[in-house]
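Trainee: Give me a model of this one.
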Amino acid sequence: MSDIAPQETNSLKDRIRAVTRFLEEFEKPDFWFARWERHNGEFQVCILHPVAEEFVATLLRDDWVIPRRWPEWRDEARSLHENPELLETLTVDAVRRILSAHFLTDRIKEGHLLRLFEEGHLQAILRRLERLAEEL
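Mentor: Next up is the predicted model:
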């Protein structure tokens, strides 16, 4: 049985399209996902590009982030980060777990999503999700 919660207004395919539509922008060579800026001259904060902010809002709005049990998925997310070829084995539910783990890690360790973006890992996750949508 799927962990994906049923949505009254959006089908799974629509929810996938809602997040994967950002991929085109993310893959532009001059796109910046976020940048570090000094706050009050004392410490740096990670400021998201408006498109990245919209992406994060979409993850939350369309129920891609599961707040419960996410610490259990950190090891899975880390393993996939270290072995990106394993992304091809992910189901939609697994992608949701991985996105949850990375999103919530970013809340604790600011800049985590930026690092994933800079390494191309975030884009690879979204490309896998695109391929999964084609199978639906």
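
Trainee: which residues touch the residue nearest to the spatial centre of the chain?
Mentor: The centroid of the chain falls nearest to Leu99 when counting by CA atoms, centre = their mean (4.3 Å). Leu99 sits next to Leu59, Trp64, Val65, Ile125 when contact means CB atoms under 8 Å, 6 or more residues apart in numbering. Just so you know, the C-beta spots here come from the backbone N, C-alpha and C atoms, and that holds for glycine as well.

Trainee: show me where this protein has helices.
Mentor: Per DSSP state H, the chain carries helices over the ranges 12-20, 23-26, 50-61, 70-82, 92-108, 112-119, 121-135.

Trainee: I'd like to know how far the residue nearest to the centre of the chain sits from Ala18.
Mentor: Relative to Ala18, Leu99 is positioned 13 Å away (CB to CB, to the nearest Å).

Trainee: Point me to the residue sitting farthest from the middle of the protein.
Mentor: Most peripheral residue of the chain (CA atoms, centre = their mean): Gly41, 30.1 Å.

Trainee: And the pLDDT for that residue?
Mentor: At Gly41, the pLDDT value in this model is 74.

Trainee: Now do the phi/psi pair for it.
Mentor: With angles defined as degrees, to the nearest 10, Gly41 sits at phi 70, psi 10.

Trainee: Give me the distance between it and Glu110.
Mentor: 18 Å.

Trainee: same question, Glu37
Mentor: From Glu37 to Glu110 the distance is 12 Å (CB to CB).

Trainee: Who has more neighbours out of these two?
Mentor: Legend: neighbour count by other CB atoms under 10 Å for Glu37 and Glu110, higher for Glu110 (14 against 9).

Trainee: With adjacent residues omitted, what lies nearest to that one?
Mentor: Leaving aside its chain neighbours, Glu110 sits nearest to Cys46 (4.9 Å; criterion: CB to CB, 6 or more residues apart in numbering).
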